[in-house]
Every structure is written in structure tokens, then in C-alpha cells.
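S.K.: Got a sequence here, can you build the structure:
(chains A and B)
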Amino acid sequence: MEKELNNQQNSLTENETKNHHQTYDSPFSRRIKKSTRVKESIIKYFFALNGTAALIFIILIFIFLFKEGFKAVEHIGLVDFIYHSRLLDDGTFIRVFEWYPTSEDARYSLVPLILGTLLTSIPATIISTFFGVGAGIYLSEIANPKAKEILKPIIELFAGIPTVVLGIYLSEIANPKAKEILKPVIELFAGIPTVVLGFIMLVVGASFFNDLFNPTNRLNAFIAAIGLSFVVIPVIASLTEDALHSIPNDLRMASYGMGATKWQTISRVILPAAFSGVSASILLGFGRAVGETMIVLMAAGNAANISTNIFQSVRTMTATIAAEMGEVSQGSDHYYSLFFIGIVLFSITFLLNLIAEIIINKMRKKNTF
Amino acid sequence: MSELQLKKKDITGFIFINLTRLLFLFLLAVLALVLAKIIIEGIGIISPEFIFSSPKNNMTEGGIFPAIFGTVAVTFIMILLSLPLGVSSAIYLNEYARDTFFTRIIRTAVNNLAGVPSIVFGLFGLGFFILFLGRKMDEVLQTGLLFGQPAIIWASATLAVLVLPIIIVSTLEALNSVPKSHRDASYGLGATKWQTIKNVVLPQARPGILTGTILAISRGAGETAPVLFLGAAFFLPNLPVVDLCIGNYCIPMINPGEQFMYLAYHIFILATQSSNPTKTLPIQYGSTLVLITLTFLLNITAIIFRYRFRKILGRL
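M.R.: The predicted structure follows:
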């Protein structure tokens, strides 16, 4: 902020505008032609307009999801997205939790889809937390600088996109030069297109885990969760590493000074101090898992079951949109209900991102003395 | 603390520290195995014909050239749309805007845009670009049903929104790393703000912006979910190309109004919806190898660029 202000003060155009040049004649300000000043302000407003692009698109996404999705609420009703009341022969009603939008007696319950999403994304997040936090600790606290220099870029190879997109946090958490050199490898891992992961889980992973667990269905929630972890691990690993790295070195030194071992320092000093950052990384990883489409579409089996059996086929919200949008007739209730699923997805990930951002902002404030 | 206790603690420490090390190695090993599998299964089918010919015989033979062409065409138009917007957005945030409530909201929006599920971008592209923008254009221009249907341009536009945060964030980082003293020197010579940005800041930030661009291309090329209902086709007999003629000279151009084949979509469709998924398995592996090589090459280039960029800045 201070930098910005200084920039403004140093800018001659800024000095121009107000009473500044009336009080004393700056040799520079006089030489700026009026046309230049007009040009400068036009350019400024052009950039300001473009600057709001991200905000405008978020709002547009919001508006257009609601524009179509709200019609589903009007036509079908909010309750029918939870259960369908079916009249039995003896005159009583039972509640049916089914997703059968194409049948004559269409049923739009989102319960099996939400269950499917949770059944794939929660195990994926748990697996990824285990590996991701472990890898983060290893990178930040244990690996020697040489190993780090080689390993980090490898994870980055896979995680690239999250680290870059979330780089806005990273760049502001401000790290020493060493980090700048290390940043390169976690990225390539995230660069693997998700369709490739889905494909691998479909053709290799499914048979491999079938031999191991003998599941109910060949393609099931567990296979999808394994595939999802490939996407989520890099997110959690790189963000955990950043969270640990942002802990001031004084804390480590104090702990060692009191005779603590490396592991004691990590487990009792560093991890508790970085707790909020690590939990934010897990939230963001979970958000990624919930929003991921191709892996679950290809590997989860796509049967909308009501079940908590991880070895059964499930159908997630994302996969439902992907599989049915192509065949649905525009303007039908089914079509609008897919947009409604979009609203649910968007709201979940939006909330998760927002919470994670608030946590990270708080942590950053706490750690900058 | 007795000698024994100390030793005991060291043992738990030893176990846990090596456990994280093992986890890490296991992770790398799994990734290496996945890559090795793709390479071993895919390398056999890779040949000039595979890369440069069309699918034949109901997709069970032949190459993947139309899919590669479609991927290049869509990402090319995507970057044309998203690079100017993303870079100028970052210029505003870093050079012009002060730290106000409004700019903080914009930064939050950038982060949130990055977190929107890709399938939601697909819905957005369908709802906004095709059904709203496209149909409105048809209405106004009296073109029947020309714009209001899935096509390259709408897929590119949607992907452009998807990769916007990547470009904004890496440009922000690049602009942020240009030392303030350079700006001051420029102002001191009497340059205006725009002259300073144009002649001093942007040239120095160029490698950083290029890194973001490459990462955005690699992300766009790998995305499948958003293009599912924005014009990605199972099979097209002709490339989406139109001859642009001026007098007697004709240049083939990408036709942004047509549907397209997409490498990532090609893998998905062959693996799940084709008539004979087992028979096309070599083609699936081959396509996967091509896609993964493409994205890896792009990502590695980006990483090297950034490494050099930061090294140069380190010397300043």
C-alpha cells in the first residue's frame, strides 16, 4: 500500500491534477500537454475496466447459473430436490430419494448425487491429507536443500496449476530467495490433465484394485477417490509447505534451544503454529475434489445409488451434469435441474474458497510482525 | 531428562521423520509408475501417420490429427482472448489501483474464479455465451442460427475465462517483482505513468507474463469438462478450416463457427463411449501420451522461464 501511494506521488500526472502546480511551478508539470493528460486518464480507465474482469465474470457466472437454475425451483420445487413423495396403493405417501429425471414419473432428488460426491471427495481428501501434509512437512522441515531443489519442482510438475493460481497467496507471504529457486517442480504434477487420470483409473486402476479388494462394482467410489487424490495431493502438499514455511524461524530456534529434537519441534511447535494454514489447504483440496469432473465421470461408475458403501458405483453432481447435459432438451425441467446442480456445486466451492481465504489472510496477519 | 528418555524420543522422531520421507518417495514412485505405464503402452503407436492422419474405420484405426488441430485452434483463440484481458487486469491491480475495499474484492474474485469447478464453466459457457450472447447476436444480425450454437469461438471464450486467474496471478507476480527504483527513474526522466508501464515495467515483466501464458495454454489444452457441451465433437470428417480469400489469394484460416475435435475429449470419448473401447486401447494410450507430452513440455518450458526470470531479477 505504501508502495502504491509513493508511486502515485511520484507520478507527474498525479501531481498535475490538483492545486499542486498552482502553488509552485514544477518545471515538469507545465510541459505535459493537455492531450497527454487526457490520453493518460483514458488509459487508466481502460485498465480499470479490464481490472474488474474477474469480478464481472464471477457475477456473470452467478447470474446465469441462477437465471436457468431458478426455473428448476419454480417448475419442480425445492422439496422435490430432496425427496419425491410417492403415493402407494394403500393411500399412504413414502419419500423416495432417487435421481431419475428422464422417467415418466420424474424424480429429482439430489441426495444420491450429493452422497456420491461426498463418498468420492471425502476419502480423496483423507488420503491426500495423509500424503499431502506428510510431503509438505518433508519438503519444509526435513529434506536437505539439495533434495528439496530437485523434489519440489517434481511435485510442482503435478501440482502446477494450484500453486500458480494460489501463487497470489504465496507471493504475498513473502519468502526468501531460496524458495524462488525451489518453486519450479511441484507444478508439473498438477499439469497432468484430469482426463488422463480418469483414463488411467479406468483402464489400469480399476483392474488393479479389483484384484486387491474384490469390490461390489468394478468401477466404484474408491477407485474415483484414488484418482482424485492425484489432483488433491499437490494442492495440499504445496499449500502445507507454504504454511509451514511462513512460520518464523525464531520458533524453530527457540525449540531447538530448549533441547527439542527435530520431530518434537515439528509436531509440537511448527504444526500447531501452522494449524490454520494447513486446515485451509485441506479445505481447498476438498473443494478441488468436489468440483472435479472427468475422473469421477470415468471411474466412479455413474450409478446414482443411495449407499455409503465405498466399493459401490456412485454418481457425483459434476458427473451428472457432464453426462446428461449433452442429451437433454433445452428448456425442459431436466435441463433446468442440471443448472440447479451447478448452483449447488458453485455455492459449495465458493464457500470453501472464501473460508480458506479468510483463514489464510488471518494467518498472514498473525505471522507478519 | 534421563539418557533413556532422550533415546526413546529420538526413536519416535526417527520413525516419523522417515515415515514422511517414505510417504514422499511412495508418492513419487506411484507417479513415475503411472507415467511409465502411459509411455510404455503409448510409444508403440506413435508414428508420423498417427500424428498427421485422420481417424479411420469408425475411429478404430488411423491417427489423431483433427483432435490435435482442434486443440491448437481452440487454445490459440483462447489465449488471444484471455491474454490482453488478464494482463491489463493485472496492470490495473498492480500499477493503478490502491489498496481499497473494492480492489480487495477483485483479488478475492480472482481467487474464487480459480476455484470454480470446470464443469460449472461449461454450464456458464452454455448459458451465457451460446444461449444468451449467441442467440442475441442471431436476433440482432438476422443470421438465423449461426452464433447460437456450440462452436470453437464459444469454447475458446469459456476456456479464456477459466484460465484468466492463471494469467492475472502470474502477471501480478511479474509486475510486483519489477523494482520500484526503476519506476522512479522513469518518472524522474519525465515519463508519464503509461510511458513508464509501457517502456520500463512491461518489458521487464515479459518473461513472467510469458510463463503465465504457457501455463494457461497447458491448462486449457488439458481441460475436458468445459468443452463437453460447447462444441467438442466425436468425429468430424473435415478440419474446421475456412479459406479466407482476397482476390486470388486464399489463406486457410481456423473457422471459429464450426465444431471441433479435442484431444482430451477424444481420450474420454474413446475410453467410455466408443463402440469398441478395447480395440481402440492403443489409440487411447497414444492420444494420452501425446496430450501428456504436450502439457509436460509446456509446463517445463514455463518452469524454466520462471527460473531464469527469477535468477535475472535476483541479480538486480
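
S.K.: Give me the residue at the spatial middle of chain B.
M.R.: In chain B, the residue lying closest to the centroid (Cα atoms, centre = their mean) is B:R219, at 2.4 Å.

S.K.: ok, then the element right after whichever strand or helix holds B:A205?
M.R.: Taking DSSP states H and E as the criterion, B:A205 maps to helix B:202-222. Moving toward the C-terminus from helix B:202-222, the next helix or strand (DSSP H and E) is strand B:241-246.

S.K.: where does the stretch 251-369 of chain A come near chain B, residue by residue?
M.R.: A:259, A:261-264, A:267, A:284, A:287-288, A:290-294, A:297-298, A:318, A:321-322, A:325-326, A:330, A:338-339, A:342, A:345-346, A:349-350, A:352-354, A:357 (Cβ under 8 Å from any Cβ of the partner chain). All C-beta atoms are positioned from the backbone trio N, CA, C, and that covers glycine.

S.K.: Just these: which are in helices?
M.R.: A:262-264, A:284, A:287-288, A:290-291, A:294, A:297-298, A:318, A:321-322, A:338-339, A:342, A:345-346, A:349-350, A:352-354, A:357 (DSSP state H).

S.K.: B:K37 contacts A:I200, doesn't it?
M.R.: Yes. At 7.1 Å, B:K37 counts as touching A:I200 under the criterion of Cβ atoms under 8 Å.

S.K.: Between those two, tell me which one has more neighbours.
M.R.: A count of neighbours by other Cβ atoms under 10 Å in any protein chain shown puts A:I200 above the other of B:K37 and A:I200, at 26 against 15.

S.K.: Leaving out sequence neighbours, find the closest residue to the residue of the stretch 1-150 of chain A found nearest chain B.
M.R.: Chain B sits closest to A:G51 of the stretch 1-150 of chain A, with a gap of 2.9 Å, by Cβ to the nearest Cβ. Spatially, and ignoring its direct neighbours in sequence, A:G51 is nearest to B:Y92 (2.9 Å; Cβ to Cβ, 6 or more residues apart in numbering or on different chains).

S.K.: wait, what's in contact with that neighbour?
M.R.: A:F47, A:A48, A:N50, A:G51 (Cβ atoms under 8 Å, 6 or more residues apart in numbering or on different chains).

S.K.: Can you pick out the most distant pair from the residues you listed?
M.R.: Farthest pair in the contacts of B:Y92 (Cβ to Cβ) is A:A48 and A:N50. Separation: 7.5 Å.

S.K.: the more surrounded of those two?
M.R.: A:N50 (20 against 16).

S.K.: check contacts around that one.
M.R.: The contact partners of A:N50, taken as Cβ under 8 Å, 6+ apart, are B:P84, B:L85, B:S88, B:S89, B:I91, B:Y92.

S.K.: Under the pLDDT cut-off, which ranges of chain A? List them.
M.R.: Chain A contains residues with pLDDT under 70 at A:1-32, A:139, A:142-191, A:367-369.

S.K.: what does the domain assignment say about it?
M.R.: Split into domains by automatic domain parsing, chain A comes to A:2-51, A:111-367.

S.K.: Deepest in the core, which of those domains is it.
M.R.: Highest mean neighbour count of the domains of chain A: domain A:111-367, a mean of 22 (counted as mean count of other Cβ atoms under 10 Å in any protein chain shown).

S.K.: Near the closest residue in space to B:N276 that isn't next to it in sequence, how many other residues are there?
M.R.: Excluding its sequence neighbours, the residue lying closest to B:N276 (Cβ to Cβ, 6+ apart) is B:T60, at 6.3 Å. Number of residues near B:T60 (other Cβ under 10 Å) recorded here: 15.

S.K.: quick one, phi psi at B:T60?
M.R.: phi -90, psi -10 (degrees, to the nearest 10).

S.K.: Can I get the contacts of B:Y92 in a markdown table including distance to B:G44?
M.R.: Below are the contacts of B:Y92 laid out as a markdown table (distance: Cβ to Cβ, whole Å):
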| residue | distance to B:G44 |
| --- | --- |
| A:F47 | 52 |
| A:A48 | 55 |
| A:N50 | 48 |
| A:G51 | 50 |
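
S.K.: Of those residues, just say which sits nearest to B:G148.
M.R.: Distance to B:G148, by Cβ to Cβ, is smallest for A:N50 among the contacts of B:Y92, at 26.8 Å.

S.K.: what pLDDT does the spatially closest residue to the closest one that is not a sequence neighbour get?
M.R.: Closest residue in space to A:N50, ignoring its immediate chain neighbours: B:S88 at 3.9 Å, by Cβ to Cβ, 6+ apart. What the model reports for B:S88 is a pLDDT of 93.

S.K.: cool, and the one 10 residues further on?
M.R.: At B:R98, the pLDDT value in this model is 85.

S.K.: Phi, psi for it please.
M.R.: phi -90, psi 170.

S.K.: same thing with A:A260?
M.R.: phi -70, psi 150.

S.K.: ok, now which ones touch it?
M.R.: Here A:A260 is in contact with A:R268, A:V269 (criterion: Cβ under 8 Å, 6+ apart).
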